[in-house]
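**Student:** Here is a sequence with its predicted model. Questions after.
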Amino acid sequence: MKNLLFAAFIFFVLLTACSKKESAAIDSGQEVKVHYDTTAIDSFSSGATSIDVVRQIRMSSQKYRDSVKEALKLQQEEKRIKEELEKENKKKEEEKKKSEQEKKQPAQESGTST
């Protein structure tokens, strides 16, 4: 009995799985035509890149070069300012050391002379 039910179930599954069914989403009567806004051109043929595209590439590369130059200028300016600050800090430290040494020397001279 169990074998008969199992065999019937398998037979039913095979019939439903192997039957030819047309999918409802695809209509074979109508041909789907895809519209592209570009035309395929062989990259080795003449006219592979249009003049407009070449001009846009040159303009964008020029903008890129300009932005790189500007970034380098900013880095150089920051570096120059940093160096100036370091020089000023060194001068202040040297002046501070000199003033401390001058204060120590008179104190030592007055202590030894009395």
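**Tutor:** Now that the structure is in, tell me what you want to look at.
**Student:** Tell me the helix or strand right after the helix or strand encompassing I10.
**Tutor:** Taking DSSP states H and E as the definition, I10 sits inside helix 2-18. Sequence order places helix 51-113 as the next helix or strand after helix 2-18, per DSSP H and E.
**Student:** still on that earlier bit, what is the mean pLDDT for the helix holding I10?
**Tutor:** Average pLDDT, helix 2-18: 82.
**Student:** what do you get for stretch 101-114?
**Tutor:** 72.
**Student:** count of neighbours near K87?
**Tutor:** 10 (other CB atoms under 10 Å). All C-beta atoms are positioned from the backbone trio N, CA, C, and that covers glycine.
**Student:** How about E77?
**Tutor:** Counted with other CB under 10 Å, E77 comes out at 10.
**Student:** pLDDT score assigned to it?
**Tutor:** We have a pLDDT of 97 for E77.
**Student:** likewise S50?
**Tutor:** So S50 comes in at 70 (pLDDT).
**Student:** Then A25?
**Tutor:** For A25, pLDDT reads 60.
**Student:** next one: E93
**Tutor:** On the pLDDT scale, E93 gets 95.
**Student:** Please apply the same query to F44.
**Tutor:** Reading off the model, F44 has pLDDT 59.
**Student:** so how far is R65 from R58?
**Tutor:** Relative to R65, R58 is positioned 10 Å away (CB to CB, to the nearest Å).
**Student:** Check Q76 too.
**Tutor:** 16 Å.
**Student:** what does K98 give?
**Tutor:** Per CB to CB, K98 is found 49 Å from R65.
**Student:** Count the residues that sit near F9.
**Tutor:** 10.
**Student:** Next: the one 5 residues further on.
**Tutor:** By the criterion of other CB under 10 Å, L14 has 10 neighbours.
**Student:** and Q62, how many neighbours?
**Tutor:** Quick note: Q62 (other CB under 10 Å) scores 10 neighbours.
**Student:** Check it and give its pLDDT.
**Tutor:** The model's pLDDT for Q62 equals 84.
**Student:** Ok, K73 next?
**Tutor:** So K73 comes in at 96 (pLDDT).
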